[in-house]
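>>> after the sequence you'll find the predicted model.
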Amino acid sequence: MTGGERNSKIVDRDSAATLCRRWHTRGDRIVFTNGVFDLLHRGHVEYLAEARTLGDHLIVGINDDASARRLGKDADRPINALEDRAGVLAGLAAVDLLVPFSEDTPLDLILLLEPDVLVKGGDYTAEEVVGADQVRERGGEVVLVPVRTGLSTTGLITRIRTAGREEIPRDV
């Protein structure tokens with residue numbers, strides 16, 4: 001895959017909506033998830049691969065830098081800028097589209113794209129998943145994918161920051 005093909009996966013919300021209407025017309029099943037995806041790791045890759053198995057197309061809403069900072073993570077997060085995070089995600093075969101968003105939640109994007117399946121990590125409850133009620137009202141489903149123990153961006157950052165000073169357990 002060339003860089004241009006990867007970059008063509010990164011689209012604005014209007015282009016994503018146009019594609020979703022086309023896919024819905026064909027009867028394709030659309031899966032949506034979202035996140036920051038700051039330092040891509042095995043947990044992310046497995047999560048996205050599993051999400052992709054739930055339908056014909058996987059759309060990832062990705063927080064822009066400002067909305068990622070508002071999530072209350074470390075002050076220096078995201079470590080990677082939106083362009084870099086999206087560029088890495090676009091290289092994954094499981095991902096069909098990446099749609100950046102600037103709001104605090106992806107609700108507007110979910111309402112616009114009307115996914116058939118809404119996926120989040122198992123560290124959420126179904127009641128906490130933004131857009132779950134709206135997806136279910138349209139006959140869709142919400143799927144919680146189990147979190148991979150020891151595979152988190154926060155844990156990875158902790159291990160990097162403490163490397164050489166002490167042994168940090170992988171479940172941080």
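Yes, it's here.
>>> and the helices in this protein?
Under the criterion DSSP state H, the chain contains helices at 3-7, 13-26, 42-52, 65-69, 82-90, 107-113, 132-137, 153-162.
>>> now the residue sitting nearest the centre point of the chain, nearest residue through space, not along the chain?
For the chain, the residue nearest the mean C-alpha position is Asn34 (3.1 Å; Cα atoms, centre = their mean). Nearest residue to Asn34, sequence neighbours excluded (Cβ to Cβ, 6 or more residues apart in numbering): Gly61, at 3.5 Å. The way it works is simple: take the backbone N, C-alpha and C, and place the C-beta from them, glycine included.
>>> which strand residues bridge the one you found?
Asn34, Val99 (DSSP bridges).
>>> and it, how far from Ser102?
Using Cβ to Cβ, to the nearest Å, Gly61 is found at 11 Å from Ser102.
>>> out of those two, which sits in the busier spot?
A direct count of neighbours by other Cβ atoms under 10 Å for Gly61 and Ser102 places Gly61 higher, at 25 against 13.
>>> show me the contacts for Phe32.
By Cβ atoms under 8 Å, 6 or more residues apart in numbering, the contact set of Phe32 is 58-61, 106, 109-110, 113, 115, 117-119.
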